[in-house]
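Undergrad: Everything below, folded, please.
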Amino acid sequence: MHIRPYEESDRQQLIDLWRKALPDDSPHNDPPGVIDAKLKVDRLLFVGEETGEIVGSVMAGYDGHRGWLYSVAIDQDARRKGLGSSLVQHAVAELRSLGCVKINLQVRSSNSAVVAFYESLGFKIEDRISMGLLLPSNHAPAEPGSDSIDIRAFVIEDYPLALSLWSSIEGLGLNESDTPEAVSAFLSRNPGFSAVAVTGTGAVIGTILCGHNGRAGSIQHLAVAEALRNRGVAKRLINYAFERLAEANIPRCNIFVYNDNDEGNSFWLKNGWSDPSTWRVLQKHVEKDGQESSKNA
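TA: So this is what the prediction gives:
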């Protein structure tokens, strides 16, 4: 394997490598934005090449006090050949040449295999707590309307990631209407009306469920990951749903919000929705045999 500095012609191969080898990376670590941000600071980004193909990478950082290692990635088919060790050692040598005396890195505490890998290279676990602060002014994925966050139709394959997001949102209630079967039926009855917001890595960071009965539209589960709020994602999801409703000639839309969901109520009222307090919502469960249920809503 030949290790060399990153070149712009490597971009797509490196993006593909990171998305395959680092699938659980955070949304703000979207590969195109990471590459652009890194190259604005320095050129400590290296790739491993075999027969013209990028099979590995490592990114280093140095602030004059400590060095860091990031994005050590090896193609699945090229692993267990010592390529990861070679890339790390190359980055260590580059940092040493800059006068760096100590190198840090972060590994998920549950990833014992990777911890063992770095220990074999001389790294030691330190008695420290890792802390982080995600800044609103971060690179492309954090910017309103960024092309790195796409809005597209919600398909049932998105359900597992959507459910994980819904479960993390305070004030978003889940019930029997949120099973995979129920959501699939809803999407089938309202094809193309619901949407997800996804990052370049495929992470679902926003959702909206939208449907109509021919007279009025309804919206449920407008949700955006907390780290990516206040950046226009929710409005883009709403706009998507309203465009579909307009195409279907639906004149108005309703949404149900818990009375004690102050944040949710404030959002909707600030965005032009009104509270028709002259009427109330009543519910009753429907049994599978078509009979009325005695259960309370």
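Undergrad: so residue 237, which of the three states?
TA: helix (DSSP: H, G, I helix; E, B strand; the rest coil).
Undergrad: what's the closest non-adjacent residue to it?
TA: residue 208 (4.2 Å; Cβ to Cβ, 6 or more residues apart in numbering). Just so you know, the C-beta spots here come from the backbone N, C-alpha and C atoms, and that holds for glycine as well.
Undergrad: Send me the one helix or strand the one you found maps to as CSV with only the CA atoms.
TA: Using DSSP states H and E, residue 208 maps to strand 204-212. Provided in CSV are the C-alpha atoms of strand 204-212 (Å, rounded to 0.1, in the frame of the first residue of the first chain):
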residue,chain,number,x,y,z
VAL,A,204,-32.4,10.3,9.3
ILE,A,205,-32.4,13.6,11.2
GLY,A,206,-35.9,14.8,10.5
THR,A,207,-39.4,13.4,9.7
ILE,A,208,-42.9,14.5,8.8
LEU,A,209,-45.9,12.3,8.3
CYS,A,210,-48.6,13.9,6.2
GLY,A,211,-51.8,12.7,4.8
HIS,A,212,-55.3,13.8,3.9
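Undergrad: Give the other helices and strands that it contacts.
TA: Counting contacts by 3 or more Cβ pairs under 8 Å, 6 or more residues apart in numbering; DSSP states H and E, strand 204-212 packs against strand 149-153, helix 159-167, helix 180-189, strand 195-199, strand 217-224, helix 233-247.
Undergrad: So what are the sheet partners of it and their directions?
TA: Under the criterion DSSP bridges, strand 204-212 sits next to strand 195-199 (antiparallel), strand 217-224 (antiparallel) in its sheet.
Undergrad: weakest of these by average pLDDT?
TA: Lowest mean pLDDT within the strands paired with strand 204-212: strand 217-224, a mean of 90.
Undergrad: what's the angle from that strand to strand 149-153?
TA: Angle, strand 217-224 to strand 149-153, by axes from the mean of the first three to the mean of the last three Cα atoms, to 10 degrees: 150 degrees.
Undergrad: so of the strands paired with strand 204-212, which one's packed in deepest?
TA: strand 195-199 (a mean of 24; mean count of other Cβ atoms under 10 Å).
Undergrad: what separates it from the chain centre, distance-wise?
TA: Distance of strand 195-199 from its chain centroid, counting by Cα atoms, centre = their mean, to the nearest Å, is 8 Å.
Undergrad: What of stretch 70-82?
TA: For stretch 70-82, the distance to the chain centre is 23 Å (Cα atoms, centre = their mean).
Undergrad: before we move on, what about stretch 82-96?
TA: 29 Å.
Undergrad: again with stretch 240-251
TA: With Cα atoms, centre = their mean, you get 27 Å for stretch 240-251.
Undergrad: got the buried residues for that stretch?
TA: 240-241, 244-245, 250 (16 or more other Cβ atoms under 10 Å).
Undergrad: Go through these and flag the one the model is least confident about.
TA: Out of the buried residues of stretch 240-251, that is residue 250, at 88.
Undergrad: contacting residues for that residue?
TA: With contact set as Cβ atoms under 8 Å, 6 or more residues apart in numbering, residue 250 has these partners: 212, 214-217.
Undergrad: Could you rerun that using 7 Å?
TA: Residues in contact with residue 250 (Cβ atoms under 7 Å, 6 or more residues apart in numbering) are 212, 216-217.
Undergrad: Out of the residues you listed, the closest to residue 149 would be?
TA: The closest of the contacts of residue 250 to residue 149 turns out to be residue 217 (Cβ to Cβ; 23.8 Å).
Undergrad: Okay, now the unreliable bits of the stretch 51-200 of the chain?
TA: 129, 132-147 (pLDDT under 70).
Undergrad: quick one: residue 202 is in a strand?
TA: No - judged by three-state DSSP, residue 202 forms no part of a strand; its state is coil.
Undergrad: What's the local residue count around it?
TA: Other residues near residue 202 number 10, with proximity taken as other Cβ atoms under 10 Å.
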